[in-house]
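Colleague: coords please:
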Amino acid sequence: MSLSDMYNWAYSQVSRQYARQDISMTSYKADNGATIIQIVENHNSPNMKAKGVDPNTAPTIAWFEVTTKGALYRSDDGGANFYLVANHQ
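Modeller: This next block holds a predicted model:
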């Protein structure tokens, strides 16, 4: 699975709350080979600017872990605890 595919998969978990332009993502490889993805609000998008959000902040929405076995886990508490949200078919 490509990094782009992983980003799209993680985005599918927050797409009801955020337009794609209203988030940004970064990632890194963990020691166990998993890809860790952080999704943050993009306060420089036109949508966010129209809402009057602070452009000097970028709150984290969620963290995701894509395992080498194709499982997608989510954390809503800064990466302290992850729970399974999907498996790659």
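Colleague: Just list the residues touching the spatially most central residue of the chain, thanks.
Modeller: Centroid-nearest residue in the chain: Ile39, 3.2 Å away (criterion: Cα atoms, centre = their mean). Applying Cβ atoms under 8 Å, 6 or more residues apart in numbering to Ile39 gives the contacts 10-11, 14, 23-25, 60-64. In this view, the C-beta of every residue, glycine as well, is placed from N, C-alpha and C.
Colleague: I'd like these written out as TSV, with pLDDT and distance to Gly52 added.
Modeller: Below are the contacts of Ile39 laid out as TSV (pLDDT from 0 to 100; distance: Cβ to Cβ, whole Å):
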residue	pLDDT	distance to Gly52
Ala10	97	27
Tyr11	97	24
Val14	96	21
Ile23	97	18
Ser24	97	19
Met25	97	24
Thr60	95	20
Ile61	95	19
Ala62	97	23
Trp63	98	27
Phe64	98	28
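Colleague: Buried only: go through those residues for me.
Modeller: Among the contacts of Ile39, the ones that count as buried by 16 or more other Cβ atoms under 10 Å are 10-11, 14, 23, 25, 61-64.
Colleague: I'd like the residues you listed laid out as a markdown table, including distance to Gly70 and secondary structure.
Modeller: Putting those into a markdown table (distance: Cβ to Cβ, whole Å; DSSP: H, G, I helix; E, B strand; the rest coil) gives the following:
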| residue | distance to Gly70 | secondary structure |
| --- | --- | --- |
| Ala10 | 13 | helix |
| Tyr11 | 17 | helix |
| Val14 | 20 | coil |
| Ile23 | 23 | strand |
| Met25 | 19 | strand |
| Ile61 | 23 | strand |
| Ala62 | 19 | strand |
| Trp63 | 18 | strand |
| Phe64 | 13 | strand |
